[in-house]
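J.: Give me a 3D structure for the following:
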Amino acid sequence: MGPQHPSTHGVLRLILTLDGETINEVRLVIGYLHTGIEKNMEFRTWTQGTTFCTRMDYLAPLFNEAAYCLSVERLLGIEDQIPERAQIIRVMMMELNRISSHLVAIATFGLELGATTVMLNGFIEREYTLDLFEEITGLRMNHAYIRPGGVAQDLPSGATSKIRDYLDRMPKRIQQLRKLLDANPVFLARTKDVAYLDLTGCMALGVTGPVLRSTGLPWDLRKSQPYCGYETYDFEVPTQDTCDVYGRYLVRMAEMEESLKIIEQCLDRLQTVKGPVMIEDKKIGWPAQLAMGADGLGNSPRHIAHIMGTSMEALIHHFKLVTEGFRVPAGQAYVPIESPRGELAAHVVSDGGTRPFRAHFRDPSFVNLQAVPAMSEGGMVADIIAAVASLDPVMGGVDR
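T.: Here you go, the predicted structure:
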């Protein structure tokens, strides 16, 4: 069957056994988008690994980077040395990314159920979010912005005012999306009591994220196992008790509204918290002082002059750190974070060298997809479209 979901053109195969319009059995076939990202990371330096893992779940690149970098920082033993400003920027960027990801989830969801207006509205708002990413990181996707020790660069001038404009705009736009869907009789008929999966089922299958929270359990790693200072922010964990597709939609809408609150708190803190955005330890921190120049985005002329013209030690150090990278003590670390789809974690293993010995990710799309048979068997063919969409799977994260 399919492809139906816009992101599953040839990369997710559904094999159904039917009795008329009733589904007797569902089998999911994955692996069509396999990228070998985890294996490739074994052949790159620790910092270069960020450039690979950001491309896994391509709708939530900043979360991939964050999980990986937090694991590397734990191995290095520098978790308490990350500058506060860098942590605030990380939180702000992840929450912007959560909004952009949920917008795609709801936009594509609308498209699958035949609502083109919802799709267009969702993608328009996502474009505004990607504009902010481009302003801050230089790229709209796959940023490699969060790096071991901090972030690649500070916010450019004018970025905070653009984020404030975004915060002014988004609440009204989210309300417009709600008006299209919340009480829409066709949408309710296609989503209420469809693809039922209760708390027991989620626990048995390891399902996390909005799907788990739609069963009434407020499990969110930002609250239960906080990282990057999330315990200092004021926000709620939205839940529903419907255990169905409609509840998962409502949870995502409410999460976007909570993310806007967190972003506003980040902006307030950035006004008072100044300083570096990369660890002071020169043996780890990426040797860059980025500034917009004639060539676009690159090292500032002053920094280049220092490296190339005044300090042989700086030149040697820069060369070694960029080409060979820093060494990470032997050991392993597992750090989970709350991505838009659930628990995303990086399990990183070091043998004491300048490259990861192993890097393996627990991607929520991979784990959550196994819930499709439990949601769909015994139901109708039409409902499996809504079931898969309510999981919001990204195959780049599944086939990494």
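
J.: Let's see stretch 377-396 as CSV, backbone CA atoms only.
T.: Output of stretch 377-396 as CSV, limited to C-alpha atoms (Å, rounded to 0.1, in the frame of the first residue of the first chain):
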residue,chain,number,x,y,z
GLU,A,377,-5.1,-4.2,12.8
GLY,A,378,-8.8,-4.7,13.0
GLY,A,379,-9.5,-1.2,11.7
MET,A,380,-10.2,0.1,8.2
VAL,A,381,-7.8,0.7,5.3
ALA,A,382,-8.6,4.4,5.3
ASP,A,383,-7.6,4.7,9.0
ILE,A,384,-4.1,3.5,8.5
ILE,A,385,-3.3,6.7,6.8
ALA,A,386,-4.3,8.7,9.9
ALA,A,387,-2.5,6.2,12.1
VAL,A,388,0.9,6.5,10.4
ALA,A,389,0.5,10.3,10.1
SER,A,390,-0.3,10.6,13.9
LEU,A,391,3.2,9.0,14.6
ASP,A,392,4.9,11.7,12.5
PRO,A,393,7.7,9.4,11.4
VAL,A,394,10.8,10.7,9.7
MET,A,395,12.5,8.0,7.7
GLY,A,396,15.8,9.7,7.8
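
J.: How much space separates Ile23 from Leu391?
T.: Using CB to CB, to the nearest Å, Ile23 is found at 16 Å from Leu391. C-beta: built from backbone N, CA, C; applies to glycine.

J.: now swap in Asp57 and tell me
T.: In terms of CB to CB, Asp57 sits 13 Å off from Leu391.

J.: repeat for Gln175
T.: Taken as CB to CB, the span from Gln175 to Leu391 is 25 Å.

J.: more neighbours, these two?
T.: A count of neighbours by other CB atoms under 10 Å puts Leu391 above the other of Gln175 and Leu391, at 27 against 12.

J.: what kind of secondary structure is the spatially closest residue to the more buried one that is not a sequence neighbour in?
T.: Take Leu391 and drop its neighbours on the chain: the residue closest to it by CB to CB, 6 or more residues apart in numbering is Asn368, 5.0 Å away. The three-state label given to Asn368 by DSSP: H, G, I helix; E, B strand; the rest coil is helix.

J.: Asn368 touches Leu212, doesn't it?
T.: No. Asn368 lies out of contact with Leu212 (CB atoms under 8 Å); the separation is 9.0 Å.

J.: can you list the weak-confidence ranges in the stretch 251-400 of the chain?
T.: 288-298 (pLDDT under 70).

J.: Which parts of it are strands?
T.: Secondary structure of the stretch 251-400 of the chain by DSSP state E, counting those that start in this stretch: the strands cover 290-293, 296-299, 331-339, 342-350, 358-362.

J.: Got phi/psi on Arg27?
T.: Main-chain torsions, Arg27, degrees, to the nearest 10: phi -130, psi 130.

J.: so it touches Ile15, yeah?
T.: Yes. Using CB under 8 Å, Arg27 is in contact with Ile15, at 4.3 Å.

J.: Please identify the most buried of the strands of the stretch 251-400 of the chain.
T.: Ranked by mean neighbour count under mean count of other CB atoms under 10 Å, these are led by strand 342-350, which reaches a mean of 24.

J.: Hey, what's the angle from that strand to strand 331-339? Just curious.
T.: Relative orientation of strand 342-350 versus strand 331-339 (axes from the mean of the first three to the mean of the last three CA atoms, to 10 degrees): 160 degrees.

J.: Within its sheet, name the partner strands of strand 342-350 and how each one runs.
T.: strand 331-339 (antiparallel), strand 358-362 (antiparallel) (DSSP bridges).

J.: List of residues touching the longest one?
T.: Applying CB atoms under 8 Å, 6 or more residues apart in numbering, the set of residues contacting strand 331-339 from outside is 57, 60, 63, 66-67, 70-72, 74-75, 94, 98, 101, 209, 220-222, 225, 227, 343-350, 362, 364.

J.: any idea how far that strand is from the chain center?
T.: Here strand 331-339 shows a centroid-to-chain-centroid distance of 14 Å under the convention CA atoms, centre = their mean, to the nearest Å.

J.: all helices of the stretch 251-400 of the chain, in order?
T.: With DSSP state H, counting those that start in this stretch, the ranges of helices along the stretch 251-400 of the chain come out as 301-305, 312-323, 364-369, 372-376, 381-391, 395-398.

J.: same question, the stretch 51-200 of the chain
T.: Ranges of helices in the stretch 51-200 of the chain, per DSSP H, counting those that start in this stretch, are 61-76, 84-112, 116-137, 159-181, 185-191, 199-205.

J.: Take those helices and lay them out in CSV including distance to Ala374 and mean pLDDT.
T.: CSV is the format used below for the helices of the stretch 51-200 of the chain (distance: least, CB to CB, whole Å; pLDDT from 0 to 100):
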stretch, distance to Ala374, mean pLDDT
helix 61-76, 26, 94
helix 84-112, 20, 91
helix 116-137, 27, 90
helix 159-181, 25, 91
helix 185-191, 17, 88
helix 199-205, 5, 93
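
J.: I'd like those helices as JSON lines, with distance to Gln153 appended.
T.: JSON lines is the format used below for the helices of the stretch 51-200 of the chain (distance: least, CB to CB, whole Å):
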{"stretch": "helix 61-76", "distance to Gln153": "14"}
{"stretch": "helix 84-112", "distance to Gln153": "10"}
{"stretch": "helix 116-137", "distance to Gln153": "8"}
{"stretch": "helix 159-181", "distance to Gln153": "11"}
{"stretch": "helix 185-191", "distance to Gln153": "42"}
{"stretch": "helix 199-205", "distance to Gln153": "39"}
